[in-house]
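Visitor: here's a sequence, model it:
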Amino acid sequence: MIKMRKLTNNIIGMNIIKVVLFLILAISLNAQVNRPNIVFILADDLGYGDLSVNGGTDVKTPNIDKLFKSGVTFNNFYSNSTVCSPTRASLITGRYPDMVGAPGVIRGVKDQSWGYLCEDAITLPDVLNKAGYETALIGKWHLGIESPNTPNERGFKFFHGFLGGMMHDYYTHLQHGNNYMRRNNSIVTAKGHATDVFSDWAIEYIDDQKNRDSPFFMLLAYNAPHYPIQPPKEWYEKVKNREKDISDKRAKNVALVEHLDDGIGRVIKALEASGQYENTIIVFSSDNGGHLPSEASNGNLRGGKIDMYEGGIKVPTCMVWKNRIESNSTSNVIGVTMDFYATLTYLAGIEINHEVDAINLRPDIGDKTIKKDDRTIYFVRRAGYKYSGLCYYAVRKGDYKLVQNSPFEEFQLFNVQEDPLETVPLDDNHKEFHNLRYQLSQHIRKAGAIPWQKKEK
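Guide: Presented below is the predicted three-dimensional model:
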């Protein structure tokens with residue numbers, strides 16, 4: 001009788017354990033199914049004023065405009081740097097670029113390369129993979145062309161794009177005569193304009209994911225409108241016929257942006273057609289400001305790409321999530337590219353247990369009572385040629401911004417709330433001048449403990 005009772009208790013105990021395990025599995029699977037997809041669209045060198053939603057009068061961008069109107073617009077959003085690689089490094093690591101080895105542009109030529117992505121940096125796709133996401137990079141990488149710093153080795157399960165930086169031709173897709181187009185580790189030869197190629201590849205990936213149970217994260221990083229300014233002929237002619245007083249160079253830039261807008265529209269339609277749009281967070285941003293020699297427009301902002309003035313680092317940015325983020329809403333918090341690391345993981349219900357510099361922007365969306373962001377934000381770029389391999393910086397805290405556009409010029413302090421065009425520098429004796437310079441020195445001190453150079457073998 002006692003043995004029978006023990007056997008019965010053991011059976012009941014085993015069944016309880018099975019039920020508990022089943023419930024844990026069910027909860028886990030349900031959490032995974034309900035997690036949102038994420039599509040991050042990153043333009044390359046897009047000018048702040050080169051969107052009609054931002055007041056561009058000679059450019060028409062209906063698809064990007066619709067994104068901005070469908071979610072939250074970040075009115076005070078910045079790229080982490082004035083150039084490509086540092087901002088991209090911050091996006092996928094949630095750190096300042098000089099904290100993860102990428103203060104400048106990463107190139108294939110050693111004496112012209114000013115960074116090396118730290119091998120121990122924990123990337124956004126690394127974190128999402130562990131949470132059950134499928135992860136993909138479609139388009140431009142620009143964080144290394146050799147192992148171990150290739151997309152597949154830095155967390156992306158799928159890569160279909162361009163390893164290098166700028167293409168010297170949007171149709172041949174070559175850089176210095178090299179073909180850096182890849183599908184994972186395989187060299188591929190693509191046909192057509194790069195913007196169309198990347199849009200097509202993104203649509204293919206979206207269609208492939210629609211019948212899968214796992215959520216996905218896709219970073220869609222276009223080369224456009226980075227120079228060379230090479231739009232398809234028919235798009236250029238359309239702009240020239242429409243805008244009677246436009247210069248040829250400006251018309252090409254406008255056409256390249258409008259062609260990009262068309263590609264983004266096709267990608268959004270693919271999300272809608274596949275039934276995945278409602279459960280997809282969409283972010284749109286640029287890696288830095290517009291390139292003025294190419295006649296990009298940064299609106300009323302001073303400067304452009306390479307400058308630490310607003311035109312070089314303030315970028316048009318929005319986030320959309322149907323029925324979860326209010327349409328036509330705005331956020332005035334000061335954000336930077338790296339902040340999406342913390343924001344997107346939060347929205348996906350993922351806890352970060354390692355050090356990041358990013359903050360979660362979500363509490364400010366739709367909540368007008370949030371305190372104004374009073375953190376100190378640092379912007380850095382290291383470069384060669386006229387910069388002699390040195391860094392130059394900007395620092396932003398509240399309304400004050402410390403600016404340097406060359407390592408050989410003095411810092412200037414501006415109140416960008418009162419002087420958004422950065423035309424009247426404040427006195428060097430202003431308390432914030434000394435405060436921000438001191439804080440920058442401590443950031444440099446901390447970043448200097450991490451080597452950005454690749455170790456010699």
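
Visitor: tell me, how many residues neighbour the closest residue to Asp126 other than its chain neighbours?
Guide: Spatial nearest neighbour of Asp126, chain neighbours left out: Gly155 (4.1 Å); criterion: C-beta to C-beta, 6 or more residues apart in numbering. Every C-beta, even on glycine, is put in place using the N, C-alpha and C of the backbone. Look at Gly155: counted by other C-beta atoms under 10 Å, it has 20 neighbours.

Visitor: where does the nearest residue to Asp44 once chain neighbours are set aside land in three-state SS?
Guide: Using C-beta to C-beta, 6+ apart and skipping residues adjacent in sequence, the residue nearest Asp44 is His226, 4.1 Å away. Per DSSP: H, G, I helix; E, B strand; the rest coil, the local secondary structure of His226 is coil.

Visitor: tell me who's in contact with His226.
Guide: When contacts are counted by C-beta atoms under 8 Å, 6 or more residues apart in numbering, His226 touches 44-45, 84, 166-167, 291.

Visitor: if you set the cut-off to 7 Å instead, what comes out?
Guide: Residues counted as contacts of His226 (C-beta atoms under 7 Å, 6 or more residues apart in numbering) are 44-45, 166.

Visitor: of these, closest to Val197?
Guide: Checking the contacts of His226 against Val197 with C-beta to C-beta, the nearest one is Asp44 at 14.3 Å.

Visitor: any idea how far Asn353 is from the closest one?
Guide: 32 Å (C-beta to C-beta, to the nearest Å).

Visitor: more neighbours: which of the two?
Guide: Counted by other C-beta under 10 Å, Asp44 and Asn353 do not tie: Asp44 has more neighbours, with 25 against 7.

Visitor: next, give phi and psi for the more buried one.
Guide: Here is the backbone geometry of Asp44 (degrees, to the nearest 10): phi -120, psi 110.

Visitor: would you map the strands across the stretch 351-457 of the chain?
Guide: For the stretch 351-457 of the chain, applying DSSP state E, counting those that start in this stretch gives strands covering 376-382, 391-397, 400-403, 412-415.

Visitor: with distance to Arg362, mean pLDDT and mean neighbour count added, can I get those strands in CSV?
Guide: Shown next, in CSV, are the strands of the stretch 351-457 of the chain (distance: least, C-beta to C-beta, whole Å; pLDDT from 0 to 100; neighbours: other C-beta atoms under 10 Å):
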stretch, distance to Arg362, mean pLDDT, mean neighbour count
strand 376-382, 18, 98, 24
strand 391-397, 21, 97, 22
strand 400-403, 25, 98, 24
strand 412-415, 28, 98, 20
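
Visitor: wait, which of these is closest to Tyr180?
Guide: Taking these one by one with C-beta to C-beta, strand 376-382 is closest: 22.8 Å.

Visitor: measure how far that closest one is from the centre of its chain, please.
Guide: 16 Å (C-alpha atoms, centre = their mean, to the nearest Å).

Visitor: put the alpha carbons of that strand into CSV.
Guide: Extracted C-alpha coordinates of strand 376-382, given in CSV (Å, rounded to 0.1, in the frame of the first residue of the first chain):
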residue,chain,number,x,y,z
THR,A,376,26.1,64.7,-22.2
ILE,A,377,26.4,63.4,-25.8
TYR,A,378,29.7,63.1,-27.7
PHE,A,379,30.4,63.1,-31.4
VAL,A,380,33.7,62.0,-32.9
ARG,A,381,35.5,61.6,-36.1
ARG,A,382,39.1,60.6,-36.7
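
Visitor: tell me which residues are up against that strand.
Guide: So strand 376-382 is in contact with 80-83, 86, 96-98, 103-104, 114, 308, 313, 334, 336, 389-397, 439-440, 443, going by C-beta under 7 Å, 6+ apart.

Visitor: excluding its backbone neighbours, what's nearest Gly304?
Guide: Distances taken as C-beta to C-beta, 6+ apart put Leu292 closest to Gly304, at 3.8 Å, once the chain neighbours are dropped.

Visitor: where does the one you found fall, phi/psi-wise?
Guide: Per-residue torsions, Leu292: phi -60, psi -40 (degrees, to the nearest 10).

Visitor: what pLDDT does it get?
Guide: The model reports Leu292 with a pLDDT of 97.

Visitor: do I have it right that Tyr393 meets Val403?
Guide: No - contact criterion C-beta atoms under 7 Å: Tyr393 and Val403 do not qualify, at 8.4 Å.

Visitor: where helices are concerned, which of the contacts of strand 376-382 count?
Guide: Cross-referencing those against helices under DSSP state H gives 86, 313, 439-440, 443.

Visitor: how about a markdown table for those residues, with distance to Ala131 and pLDDT added?
Guide: Conversion of the ones in helices among the contacts of strand 376-382 to a markdown table gives the following (distance: C-beta to C-beta, whole Å; pLDDT from 0 to 100):
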| residue | distance to Ala131 | pLDDT |
| --- | --- | --- |
| Pro86 | 27 | 98 |
| Ile313 | 31 | 98 |
| Gln439 | 34 | 97 |
| Leu440 | 35 | 97 |
| His443 | 31 | 96 |
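
Visitor: and the furthest pair within these?
Guide: Maximum distance among the ones in helices among the contacts of strand 376-382 (C-beta to C-beta): 19.2 Å, for Pro86 and Gln439.

Visitor: quick one, which of the two is more surrounded?
Guide: Set Pro86 next to Gln439 and count neighbours by other C-beta under 10 Å: Pro86 wins out with 32 against 15.

Visitor: measure Asn323 to Thr345 for me?
Guide: For Asn323, the distance to Thr345 - C-beta to C-beta - is 21 Å.

Visitor: my bad, Glu258
Guide: 34 Å.

Visitor: which one of the two has more residues nearby?
Guide: A count of neighbours by other C-beta under 10 Å puts Glu258 above the other of Glu258 and Thr345, at 24 against 21.

Visitor: check contacts around Met319.
Guide: Residues in contact with Met319, defined by C-beta under 7 Å, 6+ apart, are 71-72, 281, 283, 325.
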